[in-house]
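>>> whatever this is, show me its structure:
(chains A, B, C and D)
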Protein chains: 2
Amino acid sequence: MSHTPGGIRQTQKLRTRQALLEAALALLEHQSLSSLGLREVTRAAGVTPTAFYRHFEDTAALGVALVEETLGSLHGLIAAVLMETGDSEERLDRSVALIARHVGAQPAHFRFIAREQHGGVGPVRAAIAAQLRRFAEEVACALGQEPGAAGWSEEDLLMLGGLYVDHMVITTSTLLEAGPEGEAEVVRVARRRLRLVTIGRAHWLDEAPAQD
Amino acid sequence: MSHTPGGIRQTQKLRTRQALLEAALALLEHQSLSSLGLREVTRAAGVTPTAFYRHFEDTAALGVALVEETLGSLHGLIAAVLMETGDSEERLDRSVALIARHVGAQPAHFRFIAREQHGGVGPVRAAIAAQLRRFAEEVACALGQEPGAAGWSEEDLLMLGGLYVDHMVITTSTLLEAGPEGEAEVVRVARRRLRLVTIGRAHWLDEAPAQD
DNA sequence: CCGTTCGGAGTACGAGTGTTCACTGACTCG
DNA sequence: CGAGTCAGTGAACACTCGTACTCCGAACGG
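Model prediction:
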C-alpha cells in the first residue's frame, strides 16, 4: 500500500489535462463546441497540438469530460435541498438561490451546458441528456418521499421532476443572459414560476387528471 | 399596378437566396451555425463562394434570416389557438397538437432554432430571443382577454406567457430528439405538464401570491 | 437600341485546420 | 542502476477556410 501507485508522472498528466479543460472552457465562452479547434485549445493551454491526443480522442470527447465535470458534482445536491425541512415556500426559495449561487460561482460551466444541450455535437448532447435525466429521477424520488406526494403515480412524479429540472436549466440560461445586474429580476420571475407549479401540484389530484 | 416592378432579375436573386437558405438549413441538421462555413453553404447551393456576399454579409446574417423565416410566420398562430372557444382541456390539446404538427412538418427549421437559441452566434441568439419575447407577449395578451384572467397583474400574465412559450420550446426540442416513433409519448407528457400549469393558474389568486 | 447595372464566375492568396510521424528526455520500476 | 514507458515536442502533410480581385453577360431603364 502506501505511496499511491501514480507518481509525479500521473500528477503532471492530470495537470495538463485540467489545463486543456480550462482553456477549452474559457474559449467556449464565446463560441460553441463544434467550432472549437483542437489547435486553438492546445495553444491556449500552452501545449503542442499533438499532446492533445494523449488526453482526448476528439474535441467531442473533451466536451463530454466537461459535461461530467460540471454536472457530475451536482447530483444529490438539489434533491437534498428539496428534502430539507420547511414549508414549500422556503424550499422553493432555497432551490432558486442554490441555482443562482452555483451559476454565479462558475458561469462558464453552465453556459457551456446551456449551449451544448441542443448543440451540434451528438455525444455531448447525449451526455448532457443522460445527466439531466438522472437529475429528474433524483428530484422525482425526493418528491415521492414527501407527505404531499401520496397518491401520485410513478409517472407523474417523473413528469414533475422533469418539469423542475427543465425550469432549472431555463433559469440558469436566463441568468447567464441577464448578467449580474439582472439577476434579481430573473430570480423573482423564476420564483413565481415555481410557485405556480407548486400550486398546480397541490391541486393535481383534486382535478382528476384524465388518464389517456 | 400590374406586373411587379421586380423582374426576372430580382426573381432569380431571390431564387438563389432561397437556395442558400435551404442548403444552410440542411447542413445545420448535424452541426451548429458557428461551425458552418461560407464555402460549405455555397457548395451545397451550387454557386460560387463569392456569390454568397451578394445576399448575406456573414453566415451570422444568414442565420438571422433563417430565424425570421422560421418564427416570423408563426406569430398570432398560438395566440389564435388560445383564444379559440372550448374548455381549457381542449385548448391545451390543440396547442400541443399544433406544435407537434409544425415540428413534424419542418423539423429542420425548429432544430435550428433549438440549437441556436443558446448557440455561439450572438446576433442569432438575439434574434431568437426577440421573437420568443414577442411570442410571450402575444400569449400574455391572449390570456389577459380570457374571463379567468380577472385580477391578474400585467407582470404575472407575462410570467405565465413566458412559461408557456418556454414549454413550447422545450417540447419542440424534445420532439426532435425523440423522433417520429417517440412523438406520442412526448406529446402525452407535454400535455400533462401543461395541465399542471393550468391547474396552478386556476388557483393562483387563491393562494395569495406574496409580493416581494 | 445602347449604355448601365449587377448577380454570379473564376482565380489567387495567406492563414488556419486535423492528423501523422519520428523524436526526446524525465519519470517509473524491477 | 538500467531498461522501458510515455507525456510532450517539432516538423511536415494535405487539406479547408474567408476574402479580395477582375471579369462576363444577361437583364434592365431611358
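>>> point me to the helix or strand that includes the residue of chain A found nearest chain B.
In chain A, the residue that lies nearest chain B is residue A:200 (2.9 Å; Cβ to the nearest Cβ). Yep, even glycine has a C-beta here, placed from its N, CA and C like the rest. Using DSSP states H and E, residue A:200 sits in helix A:183-202.
>>> was I right to think residue A:55 contacts residue A:16?
Yes. Between residue A:55 and residue A:16 there is a contact at 7.2 Å, judged by Cβ atoms under 8 Å.
>>> isn't residue A:88 right next to residue A:194, touching?
No. Contact criterion Cβ under 8 Å: residue A:88 and residue A:194 do not qualify, at 9.3 Å.
>>> so for these two, which sits in the more crowded spot?
residue A:194 (23 against 16; other Cβ atoms under 10 Å in any protein chain shown).
>>> what sits against the more buried one?
A:92, A:95-96, A:164, A:167 (Cβ atoms under 8 Å, 6 or more residues apart in numbering or on different chains).
>>> what pLDDT does the model give it?
The per-residue pLDDT reported for residue A:194 equals 95.
>>> and it, how close does it get to DNA strand D?
42 Å (Cβ to the nearest atom of the strand, to the nearest Å).
>>> go on, residue A:112?
Applying Cβ to the nearest atom of the strand to residue A:112 and DNA strand D gives a distance of 22 Å.
>>> residue A:163 now?
For residue A:163, the distance to DNA strand D - Cβ to the nearest atom of the strand - is 40 Å.
>>> you'd agree that residue is up against residue B:195?
No. Residue A:163 lies out of contact with residue B:195 (Cβ under 8 Å); the separation is 11.2 Å.
>>> those two: who's more crowded?
Comparing residue A:163 with residue B:195 by other Cβ under 10 Å, the one with more neighbours is residue A:163, at 24 against 20.
>>> and the gap between that one and residue B:167?
Distance, residue A:163 to residue B:167, by Cβ to Cβ, to the nearest Å: 9 Å.
>>> and for these two, which residues touch both?
residue B:193.
>>> skip ahead from the lowest-mean-pLDDT helix or strand in chain A and say which helix or strand is next.
Ranked by mean pLDDT, DSSP states H and E, the weakest helix or strand in chain A is helix A:77-83, scoring a mean of 83. Following helix A:77-83 in sequence order, the next helix or strand is helix A:88-105 (DSSP H and E).
>>> what mean pLDDT does that following helix have?
Mean predicted lDDT for helix A:88-105 stands at 90.
>>> try stretch A:109-125
The model assigns stretch A:109-125 a mean pLDDT of 98.
>>> swap in stretch A:139-158?
pLDDT averaged over stretch A:139-158 gives 92.
>>> do any residues in it lie close to chain B?
Yes. Under the criterion of Cβ under 8 Å from any Cβ of the partner chain, chain B is reached by stretch A:139-158 at residue A:156.
>>> which residues touch that stretch?
A:78-79, A:82-83, A:136-137, A:160-162, A:164-165, A:201-202, A:204-205, A:209, B:192.
>>> between the longest helix that chain A contains and helix A:88-105, how many degrees?
Identified as the longest helix of chain A according to DSSP state H is helix A:154-178. Put simply, helix A:154-178 runs at 50 degrees to helix A:88-105, going by axes from the mean of the first three to the mean of the last three Cα atoms, to 10 degrees.
>>> the residue of chain A closest to chain B: how many residues sit nearby?
23.
>>> what distance do you get for it to residue A:95?
For residue A:200 relative to residue A:95 (Cβ to Cβ), the value is 16 Å.
>>> so which strand or helix has residue A:115?
Going by DSSP H and E, residue A:115 is in helix A:107-116.
>>> what pLDDT is listed against the most centrally placed residue in chain A?
Residue closest to the average C-alpha location in chain A (Cα atoms, centre = their mean): residue A:71, at 4.6 Å. Looking at residue A:71, its pLDDT reads 96.
>>> list the residues that contact it.
Counting by Cβ under 8 Å, 6+ apart, residue A:71 touches A:113, A:128, A:131-132, A:135.
>>> ok, so of those, who is nearest residue A:180?
residue A:113 (19.0 Å; Cβ to Cβ).
>>> so the closest one makes contact with residue A:68?
No. Between residue A:113 and residue A:68 no contact is recorded; they are 11.0 Å apart, counting by Cβ under 8 Å.
>>> measure the residue of chain A found nearest DNA strand C to residue A:55 for me?
Relative to DNA strand C, the nearest point of chain A is residue A:7 (2.1 Å; Cβ to the nearest atom of the strand). Going from residue A:7 to residue A:55 by Cβ to Cβ gives 18 Å.
>>> more neighbours: which of the two?
Using other Cβ under 10 Å, the more surrounded residue of residue A:7 and residue A:55 is residue A:55, with 19 against 9.
>>> need the pLDDT of the more buried one.
Reading off the model, residue A:55 has pLDDT 98.
>>> assign a three-state SS to it, would you?
Three-state call for residue A:55 (DSSP: H, G, I helix; E, B strand; the rest coil): coil.
>>> next, count neighbours for the spatially closest residue to it that is not a sequence neighbour.
Nearest in space to residue A:55, with sequence neighbours left out and distances taken as Cβ to Cβ, 6 or more residues apart in numbering or on different chains, is residue A:17 at 4.8 Å. Neighbours of residue A:17 under the rule other Cβ under 10 Å: 18.
>>> which helices and strands does the helix or strand hosting residue A:17 pack with?
Assigned by DSSP H and E, residue A:17 falls within helix A:8-27. If contacts are counted by 3 or more Cβ pairs under 8 Å, 6 or more residues apart in numbering or on different chains; DSSP states H and E, helix A:8-27 sits against helix A:38-45, helix A:59-71, helix A:107-116.
>>> before I go, just wanted to say thanks for your time.
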